[in-house]
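Undergrad: build me a model:
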Amino acid sequence: MMGFITSILLGKATFIQTKTDGSRGVGREVKTHAWVGVEKAGFYDLSLRLTSFEDCPDWEDWHTLGLLGQGFNPSGEIKLSMVRSHFEFENTVNASTHLKGTKSAVYFAETMNDLNAEIVANGLAFCNSPLTDILRERFGERQDLHAKAIVHLVNFLNCKNSSLVGLSQMDAWEKLAISPGDAVYRVCSRGKLK
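TA: Prediction:
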């Protein structure tokens with residue numbers, strides 16, 4: 001909608017944190033993960049929840065808002081690797097476990113889909129994530145929810161909508177769900193998606 005070519009990358013990501021004393025670090029692998037690549041603007045992954053894990057008491061909060069462009073926000077604290085093969089993924093993850101006092105994020109895209117009208121019109125079916133399961137429970141098969149989020153974000157960037165930051169995650173989705181208009185049509189027509 002803003003003139004950028006966008007692709008949805010599907011694959012896996014591993015997040016590793018090691019200690020400065022060289023003692024054993026901890027890691028989390030997400031085997032089914034999605035993020036976005038935007039031509040000339042980098043990679044975006046806003047679904048990260050790297051705060052704490054019940055089964056991993058040694059995990060320290062990464063205090064990150066997500067992957068934004070060429071790195072994580074706040075910048076400078078997380079080593080990012082985008083790899084192109086299973087072999088490179090395994091080697092990079094292994095090498096990251098031997099770094100001292102480092103937080104590392106290793107991404108491997110197994111497939112890439114250019115954003116198109118079918119994906120926009122079937123957002124819940126395409127994403128099929130733990131979040132989409134929650135959204136289905138709350139809103140049913142509302143395939144337009146992701147399109148509504150896109151429209152809201154574009155309007156926010158153009159100073160036409162207010163931020164949803166102060167709302168809980170579900171309250172933000174509730175606000176998006178009741179927003180007026182045909183979001184799928186707006187995204188596809190303005191984005192010239194086929």
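Undergrad: against Gly140, how distant is the spatially most central residue of the chain?
TA: In the chain, the C-alpha nearest the mean C-alpha coordinate belongs to Asp45, at 2.7 Å (C-alpha atoms, centre = their mean). As judged by C-beta to C-beta, to the nearest Å, Asp45 and Gly140 stand 27 Å apart. Bear in mind the C-beta positions are built from the backbone N, C-alpha and C, glycine included.
Undergrad: which parts of this protein are helices?
TA: 86-96, 117-121, 123-127, 130-139, 145-157, 169-177, 183-190 (DSSP state H).
Undergrad: got the ones you listed as CSV, with distance to Glu110 columns?
TA: Converted to CSV, the helices of the chain look like this (distance: least, C-beta to C-beta, whole Å):
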stretch, distance to Glu110
helix 86-96, 8
helix 117-121, 17
helix 123-127, 15
helix 130-139, 19
helix 145-157, 21
helix 169-177, 27
helix 183-190, 25
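Undergrad: among these, which gets the worst mean confidence?
TA: Among these, helix 123-127 has the lowest mean pLDDT, at a mean of 87.
Undergrad: name the helices or strands packed onto that one?
TA: Where contact means 3 or more C-beta pairs under 8 Å, 6 or more residues apart in numbering; DSSP states H and E, helix 123-127 is packed against helix 130-139, helix 145-157.
Undergrad: hey, which of these is tucked in deepest?
TA: Neighbour counts (mean count of other C-beta atoms under 10 Å) averaged over each of those peak at helix 145-157, with a mean of 19.
Undergrad: give me every residue that touches the most far-flung residue of the chain relative to its centre.
TA: Residue farthest from the centre of the chain, counting by C-alpha atoms, centre = their mean, is Asp21 at 31.4 Å. Asp21 makes contact with Lys100, according to C-beta atoms under 8 Å, 6 or more residues apart in numbering.
Undergrad: many thanks, we can stop here.
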